[in-house]
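Enquirer: From the sequence below, what's the structure:
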Amino acid sequence: MATGKKTKGRTARSKTAKRKSAARSRLARAAAKAPRKKQARKRPRPRAAAPVKKTAAPAPAKPATGPGPGGAPKPPTPKPAPVAPEAAEDRVGVVTHYYSHLSVAVVRLESGSLRLGDTIHVKGHTSDFRQRVESMQIEHKPVSEVGPGQEFGLKVIEHAREHDVVYKVGQ
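Expert: Down below sits the predicted model:
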């Protein structure tokens, strides 16, 4: 028989291929018949004891003030009052968008006017900074003054977020 030639509808296999196939089937039958051996579990190695640190004497126990046995419920902690802007600041607008890659805030002016050189205070939940107005643009064109109702791009020195309030600092 030659390898790869068809004889009686089947392809002839080499002696080596026949031997390997027979060995595989013998191993499969033996594995199916023999009961499985239980493997011994490995015990974790004992670890070296950590050095004991000397600690100060324990603090005296505080009287129970929380809910539960032996204590009355705690009174609610008062929340700090929102910080109001200074008296010399007038609310002029709100940040509607912020472009972080440009450090530009889009501001909608609600009242008053804003000019180059004015000092503004941007205040929000996490933002709180002051700066001079150095660059303003409307529709990608630089402007020197904006009025109420206009939306404009304002170059800012820190991160501003939507809904931050813009105050004009009086001088």
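Enquirer: Show me what counts as buried in the helix or strand that F129 is a member of.
Expert: Here F129 is covered by strand 128-132, with elements defined by DSSP states H and E. Within strand 128-132, the residues that qualify as buried are Q131, counting by 16 or more other C-beta atoms under 10 Å. (Glycine included, C-beta is placed from N, CA and C.)
Enquirer: in the chain, which spans are strands?
Expert: Taking DSSP state E as the criterion, the chain carries its strands at 6-7, 10-11, 89-99, 104-109, 114-115, 119-123, 128-132, 136-138, 141-142, 145-146, 151-155, 165-169.
Enquirer: which residues touch the fifth one?
Expert: The list of residues contacting strand 114-115 from outside it, by C-beta atoms under 8 Å, 6 or more residues apart in numbering, reads 92-93, 120, 133, 136, 144-146, 168.
Enquirer: Now it: average pLDDT?
Expert: If you average the pLDDT over strand 114-115, you get 94.
Enquirer: Just checking: what are the partner strands of it?
Expert: Sheet neighbours of strand 114-115, with direction, are listed as strand 145-146 (antiparallel) (DSSP bridges).
Enquirer: Contacts made by the partner strand with the rest, please.
Expert: Outside strand 145-146, the residues touching it (C-beta under 8 Å, 6+ apart) are 109, 113-116, 136, 138, 152.
Enquirer: These, buried ones only, as a PyMOL selection?
Expert: In PyMOL, selecting the buried portion of the contacts of strand 145-146, with burial taken from 16+ other C-beta under 10 Å, looks like this:
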select buried, resi 109+114+136+152
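Enquirer: so which of the strands of the chain gets nearest A17?
Expert: Nearest to A17 among these is strand 10-11; the distance by C-beta to C-beta comes to 10.3 Å.
Enquirer: where in the chain is pLDDT low?
Expert: Within the chain, the ranges that satisfy pLDDT under 70 run 1-12, 30-39, 49-74, 79-86, 171.
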